[in-house]
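Asks: What follows is a predicted structure for the sequence shown.
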Amino acid sequence: MSNKSIIILAAGAGTRMKSTTPKVLHKISGKPMLYYSIKEALRISDDVTVVLYHQAQRVQEEMEKYFTTINFVIQDHENYPGTGGAVMNITPKYEQTLVLNGDMPLIQAVELEKFDIDATIVMSVLQLEDANGYGRVVIENDSVQKIVEQKDASEDELKITTANAGIYQFDTKFLLESLPKLSNDNAQKEYYITDLIEMAILQKKVLKPIIVSEENFKGVNSKIELADAEVIHQNRIKKAFMAQGVIMRLPDTIYIEEGVQIEGESILENGVTLLGNSKIVNSHIKTNTVIEDSILVDSDAGPMARIRPGSELDSTHIGNFVETKKAKLNGVKAGHLAYLGDCEIDEGTNIGCGTITCNYDGINKYKTIIGKNVFVGSDTQFVAPITVEDDVLIGAGSTVTSDLKKGQLYTTRAKKRVVEGYFYKHFNQESQEK
Ligand code: UD1
Ligand code: MG
């Protein structure tokens, strides 16, 4: 833990996102962008302040689901809009203050440690092919002169491809002394934090630029940039798992959310989606299967299976078009086309094609409990609540409406009726057959 304070700016409206959701709550790999800045900040500091304004309550409530030790401050946005206004009225605890943008979901603590330099300001610079959207860094005689915002830049300045990444470390004393001197004399009539750079230069303070990569410091201002950042983030997640021994077929087609755990020699085929806090241990997930907030151990699922929240599968085989929800399956085979919701099914049980646990009566949800070595014939419905003991045989096409005892046969098919030639009688036709 270094001795520095961190301020994360997250008060902006994010108009370029064209959304009613605050910018920093837009998600990357299943978590709001701001989550990532805070998580990385907490790795290196115990004094983290998040600045809010637009939909402040909503953003704060969302972040409090994940973090309990951060401070929230509301920006005086009416009087002091802009990134400079955002850092006013904060008293950092330490001598150095790192300022991060909440719209940078790719930052990592190891990169932030590079700012551990003794200077009045350490600023981060990107060397880009296209700096569109960023403030341009004007460098003359090898030293930084100022930062010009895109909206204030001249035609020549717009051609500059050296951009301000938007992360700065300030000597806290300099920061607090200089903020009252900021003005809003610019195209956006805002107080820019970037003007502090020019002030430091005029005062001949030590200013150290460090070159950083877009891979880690990309700012997200639009939905296009959101998608670009997510691709980078996804690659990080997938590479980390592959390095640990997970096999991925066509990884570009796989989506894995932050929070997913994968252990052992698991295989993910193309098109697999792993969501929430799912945990996959020594399992094989086949093409186009979706798993959400579920645990799979020594199991296989798919192709095209959907494992919904609260499912726990152990040594289980799930085939195509099977949907589970809150299903505890231990040593079960459900090879095709079934809905298994709110149920517990035990070892050696075979679930036939077309089986449905009817768990919902329109008002409440009920459980189906099935024991060991039960053979469930195709197209069976369990009208829950139902308990089926071990070693039961259920005939195809049965509707199970009462509990079944060990060893029983159960079948509810209607009595068979075959009437020769009835088709022709019904439609008043002559039979073609002689
Ligand atoms: C800012 C920089 C720009 C840099 C870019 C990097 C300024 C003036 N410009 O521009 O030089 O290239 O970041 O991504 O700083 N925010 C507030 N309160 C406000 C306005 C913004 O907290 O009143 C927050 C936003 O929520 C956001 C961050 O500050 O998290 C940056 O704001 P944004 O509007 O995205 O600034 P850029 O135009 O990207
Ligand atoms: Mg931005």
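Replies: Noted; the coordinates are in hand. Ligands and ions are numbered 1, 2, ... in the order given.

Asks: CA only for contacts and neighbour counts going forward, please
Replies: OK.

Asks: which of the residues in stretch 261-270 are buried?
Replies: Across stretch 261-270, burial judged by 16 or more other C-alpha atoms under 10 Å covers 261-262, 265-270.

Asks: try stretch 180-197
Replies: For stretch 180-197, using 16+ other C-alpha under 10 Å, the buried residues are 182, 184, 190-197.

Asks: From these, pick the one nearest ligand 1.
Replies: residue 192 (4.2 Å; C-alpha to the nearest ligand atom).

Asks: mind checking the SS state of that closest one?
Replies: coil (DSSP: H, G, I helix; E, B strand; the rest coil).

Asks: From ligand 1, how far out is residue 89?
Replies: Distance from residue 89 to ligand 1, counting by C-alpha to the nearest ligand atom, to the nearest Å: 13 Å.

Asks: just residue 407 next, same as before
Replies: For residue 407, the distance to ligand 1 - C-alpha to the nearest ligand atom - is 65 Å.

Asks: Validate this expectation: that residue resides in a helix.
Replies: No. Assessed with three-state DSSP, residue 407 is coil; it does not lie in a helix.

Asks: Surely it is in contact with residue 394?
Replies: No. Residue 407 lies out of contact with residue 394 (C-alpha atoms under 8 Å); the separation is 10.5 Å.

Asks: Please list all residues in contact with residue 157.
Replies: Residues in contact with residue 157 (C-alpha atoms under 8 Å, 6 or more residues apart in numbering) are 136, 138, 148.

Asks: Beta-bridge partners for the first one, please?
Replies: Right, residue 136. residue 148, residue 163 (DSSP bridges).

Asks: next helix or strand past the helix or strand of the chain with the lowest mean pLDDT?
Replies: When each helix and strand of the chain is scored by mean pLDDT, DSSP states H and E, strand 143-148 comes last, with a mean of 86. Per DSSP states H and E, the first helix or strand lying C-terminal to strand 143-148 is helix 155-158.

Asks: quick revisit: between residue 407 and residue 394, tell me which one has more neighbours.
Replies: residue 394 (22 against 13; other C-alpha atoms under 10 Å).

Asks: What residue, apart from its backbone neighbours, is nearest residue 275 spatially?
Replies: Closest residue to residue 275 apart from its sequence neighbours, by C-alpha to C-alpha, 6 or more residues apart in numbering: residue 292 at 4.5 Å.

Asks: can you tell me which helix in this structure is longest?
Replies: Using DSSP state H to define each element, the chain has its longest helix at helix 223-243.

Asks: mind exporting that one as CSV, just the C-alpha atoms?
Replies: Taking Å, rounded to 0.1, in the frame of the first residue of the first chain, the C-alpha atoms of helix 223-243 are listed here in CSV:
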residue,chain,number,x,y,z
LYS,A,223,-20.6,3.0,-27.1
ILE,A,224,-18.1,2.2,-29.8
GLU,A,225,-15.2,2.8,-27.3
LEU,A,226,-17.1,0.7,-24.8
ALA,A,227,-17.2,-2.2,-27.2
ASP,A,228,-13.5,-1.7,-28.0
ALA,A,229,-12.5,-1.7,-24.3
GLU,A,230,-14.6,-4.8,-23.7
VAL,A,231,-12.7,-6.7,-26.4
ILE,A,232,-9.4,-5.8,-24.7
HIS,A,233,-10.8,-6.7,-21.3
GLN,A,234,-12.1,-10.1,-22.6
ASN,A,235,-8.8,-10.9,-24.1
ARG,A,236,-7.2,-10.3,-20.7
ILE,A,237,-9.6,-12.6,-18.9
LYS,A,238,-9.3,-15.4,-21.5
LYS,A,239,-5.5,-15.3,-21.8
ALA,A,240,-5.2,-15.5,-18.0
PHE,A,241,-7.4,-18.7,-18.0
MET,A,242,-5.6,-20.2,-20.9
ALA,A,243,-2.3,-19.6,-19.1
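
Asks: what's that helix packed up against?
Replies: Other helices and strands packing on helix 223-243, by 3 or more C-alpha pairs under 8 Å, 6 or more residues apart in numbering; DSSP states H and E, are strand 27-28, strand 255-256.

Asks: can you put those in TSV and add mean pLDDT, mean neighbour count and distance to residue 354?
Replies: Formatted as TSV, the helices and strands packed on helix 223-243 follow (pLDDT from 0 to 100; neighbours: other C-alpha atoms under 10 Å; distance: least, C-alpha to C-alpha, whole Å):
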stretch	mean pLDDT	mean neighbour count	distance to residue 354
strand 27-28	98	20	36
strand 255-256	98	20	29
